[in-house]
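J.: Sequence plus predicted model, see below.
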Amino acid sequence: MVSPADQDRLYFPATERNRGPIGDVLAEMLPEQGSALEIASGSGEHAVTFQRRFPGILWQASDPDPSHCKSINAWIEHESLSALMPQALQIDVLEPSWPLPEHLSVDLKVIVAINLIHIAPWSCCKSLAKQASEILPIGGRLILYGPYRRNGSHTSLSNEAFDQSLRERNPLWGVRDLEAVEKVCFDVGLRNMYVHDLPANNLMISISKSLHI
Ligand SMILES: C[S@@+](CC[C@H](N)C(=O)[O-])C[C@H]1O[C@@H](n2cnc3c(N)ncnc32)[C@H](O)[C@@H]1O
């Protein structure tokens, strides 16, 4: 029989393909202990995967969409992670301050956003960088995953076609220039960007909160 919680669980097929490679890069970046705040968690499939893979990390998922928050919570229950993992927070990066519980802020090490900034207006990237710089400790990292243009060009024909389809769906969306993202981050004190090439022409970037702005 399908329980009400099961009905809430959403499936985002790309998460099955990219959770392994994303997790492998996270394994190089995450400390043994601490908190991770995931922005735009979507279905919650990444969140439960990473909570299981990194048990020393408190993985806090979030999304502004109530149906996505329901799905995240249903996945947490389905995976029997309720004792380890908090319920999803409803966070919209465009809001000026995020409703973070104290235990999370105290031990926050990373903020992760997977497939957000190209499927959202550019203002989301700016707001994400600004808020991340305000709430991360020195040395804490903002980690982003998705497709990017580099040096003014797409890195593949498939990314170019994807960019066009995004812009047709919403003119404010689109594959972002890596250098523009780096500049937005630099301006708010997020520096020392590391770039990892991931399958299917995606990048994972990590950028740290610097002592100096
Ligand atoms: C393409 S989905 C990616 C979901 C998930 N990270 C993944 O990779 O499967 C984009 C997500 O961004 C969320 N989103 C859109 N606008 C947002 C905003 N302003 N603040 C935070 N999240 C947002 C959507 O609700 C959606 O869950």
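T.: Received it, and whenever you're ready, just let me know what you need.
J.: residues contacting the residue positioned nearest the centre of the chain?
T.: Residue closest to the average C-alpha location in the chain (CA atoms, centre = their mean): Ala113, at 1.2 Å. Contacts for Ala113 were tallied using CB atoms under 8 Å, 6 or more residues apart in numbering; they are Glu38, Ile39, Ala40, Val93, Leu128, Leu142, Ile143, Leu144, Tyr145. For the C-beta atoms, the positions are set from N, CA and C on the backbone; glycine is no exception.
J.: Val112 now?
T.: Counting by CB under 8 Å, 6+ apart, Val112 has contacts Leu26, Ala36, Leu37, Glu38, Ile39, Ile143, Leu144, Tyr145.
J.: Please repeat the previous calculation with a cut-off of 7 Å.
T.: Applying CB atoms under 7 Å, 6 or more residues apart in numbering, we find Val112 in contact with Ala36, Glu38, Ile143.
J.: Repeat that for Val184.
T.: Neighbouring residues of Val184 by CB under 7 Å, 6+ apart: Cys125, Lys126, Ala129.
J.: In three-state terms, label the residue in the chain positioned nearest to the ligand for me.
T.: Going by CB to the nearest ligand atom, the ligand is nearest to Gly42 of the chain, at 2.5 Å. When classified by DSSP: H, G, I helix; E, B strand; the rest coil, Gly42 comes out as coil.
J.: Same question for Asp163.
T.: Assignment for Asp163 (three-state DSSP): helix.
J.: Then the one 3 residues further on?
T.: At Leu166 the chain is in helix, as set by three-state DSSP.
J.: That one - how many residues pack around it?
T.: For Leu166, the neighbour count with other CB atoms under 10 Å is 17.
J.: And Ala200, by the same measure?
T.: 12.
J.: residues contacting Trp75?
T.: Arg9, Ser43, Gly44, Glu45, Val48.
J.: So what sits opposite Leu142 in the bridge?
T.: Beta-bridge partners recorded for Leu142 (DSSP bridges): Ile111, Ile207.
J.: got the contact list for it?
T.: Contacts of Leu142 by CB under 7 Å, 6+ apart are Ile111, Ala129, Ala132, Leu136, Cys185, Leu190, Ile207.
J.: could you dump those residues to JSON lines with secondary structure, neighbour count and pLDDT?
T.: Listed next are the contacts of Leu142 as JSON lines, based on DSSP: H, G, I helix; E, B strand; the rest coil; neighbours: other CB atoms under 10 Å; pLDDT from 0 to 100:
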{"residue": "Ile111", "secondary structure": "strand", "neighbour count": "27", "pLDDT": "98"}
{"residue": "Ala129", "secondary structure": "helix", "neighbour count": "26", "pLDDT": "98"}
{"residue": "Ala132", "secondary structure": "helix", "neighbour count": "27", "pLDDT": "97"}
{"residue": "Leu136", "secondary structure": "coil", "neighbour count": "21", "pLDDT": "97"}
{"residue": "Cys185", "secondary structure": "helix", "neighbour count": "27", "pLDDT": "98"}
{"residue": "Leu190", "secondary structure": "strand", "neighbour count": "25", "pLDDT": "98"}
{"residue": "Ile207", "secondary structure": "strand", "neighbour count": "24", "pLDDT": "98"}
